[in-house]
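J.: Here you go, sequence then predicted model.
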Amino acid sequence: MSPTLLPNFVMPRRTPLPDRQGRYGWHLCALVAALGLLVLGGPALCYLWLGAPHEAASGVRPDPKPAAAVSTTTSTPTRSQADATGPGPMLRQDDADGWLALGRTQASAGHHGLAVESYKAAERLHPDDTNLLAEHAFSAAVLDPQGRVGESSHLVERALQLDPKNTKALALAGSLALDGKDYAAAMHYWEQLARAEPAGSALARQARLSIAQAQRLADAPAGFMRVVVADTSADALRTTP
């Protein structure tokens, strides 16, 4: 990834999940809502990217242990994967769309460890699907809120290498940069996101709101950096393009 596309993207330290949600999580949730990443509405939409509210408040990460590796011989999901989603169609190993749909269902329920395994199964079939990489990146970030493994950063970099205008990857890249207090990088990604969308669209408006908040954080004195923001994002969702 070129430095101009991902400036200072690798952060040595990231904040715990509760702080991440309080500081900027609902900006990301609003961006995700504008992107229409789920057919579900309301709070369920936020679960995909933020995890369940009680998990964020307690600092408990969903599914800390990854699901068992996907077998190359079985034609069905693992038992733990099936339990997470309830009755459904049997999945073949070559059913990329099925694994992606399963991963989204698991992520929307807060089962991000299981979702990561399903996304990996889909990526084995479609390694260059940038939307898949971005959704995988978010679940990986939920499981590794301090960024020790760095999988989410790697996945976002890869998605943006393949498609520098991918809206999901740009939204998440900006949020990860904000998490690392790299406000210039956060504004850079969200500016690209705003430019990639039609002027006046819900996503473009939300990106502009996020840019303004990142600028306020960048300009604030060091002792006032921890800011909780939610109402401006909610306003963006209530506005029809």
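T.: Nice, I can see it.

J.: Can you spell out which helices and strands pack onto the helix or strand hosting L114?
T.: For L114, the element it lies in under DSSP states H and E is helix 112-125. When contacts are defined as 3 or more CB pairs under 8 Å, 6 or more residues apart in numbering; DSSP states H and E, helix 112-125 packs onto helix 79-85, helix 96-108, helix 130-143. Heads up, the C-betas are built off the backbone N, CA and C, glycines and all.

J.: Pick the most deeply packed of these.
T.: Scoring the helices and strands packed on helix 112-125 by mean neighbour count under mean count of other CB atoms under 10 Å gives helix 130-143 as the most buried, with a mean of 25.

J.: Next, the angle from whichever helix or strand comes after it to helix 130-143.
T.: Note on helix 130-143: by DSSP H and E, the next helix or strand toward the C-terminus is helix 151-162. Inter-element angle recorded for helix 151-162 and helix 130-143: 160 degrees (by axes from the mean of the first three to the mean of the last three CA atoms, to 10 degrees).

J.: wait, doesn't A207 sit right on P198?
T.: No: in this structure A207 lies outside contact range of P198 using CB atoms under 8 Å: 11.8 Å.

J.: And these two? Which one has more around it.
T.: A207 (30 against 9; other CB atoms under 10 Å).

J.: on contacts alone, who are the packing partners of the regular element (helix or strand) spanning that one?
T.: Using DSSP H and E, A207 sits in helix 202-219. Here helix 202-219 is seen to pack against helix 26-35, helix 167-179, helix 183-196, helix 231-238 when contacts are counted using 3+ CB pairs under 8 Å, 6+ apart.

J.: re earlier: so can I have a markdown table of the helices and strands packed on helix 112-125 showing distance to L172 and mean pLDDT?
T.: Supplementary listing: those in a markdown table, determined by distance: least, CB to CB, whole Å; pLDDT from 0 to 100:
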| stretch | distance to L172 | mean pLDDT |
| --- | --- | --- |
| helix 79-85 | 23 | 50 |
| helix 96-108 | 13 | 93 |
| helix 130-143 | 6 | 92 |
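
J.: Distance to I211 added to those, as a markdown table?
T.: What follows is the helices and strands packed on helix 112-125, written out as a markdown table (distance: least, CB to CB, whole Å):
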| stretch | distance to I211 |
| --- | --- |
| helix 79-85 | 36 |
| helix 96-108 | 26 |
| helix 130-143 | 19 |
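
J.: Nearest approach to K181 belongs to which of these?
T.: helix 130-143 (15.9 Å; CB to CB).
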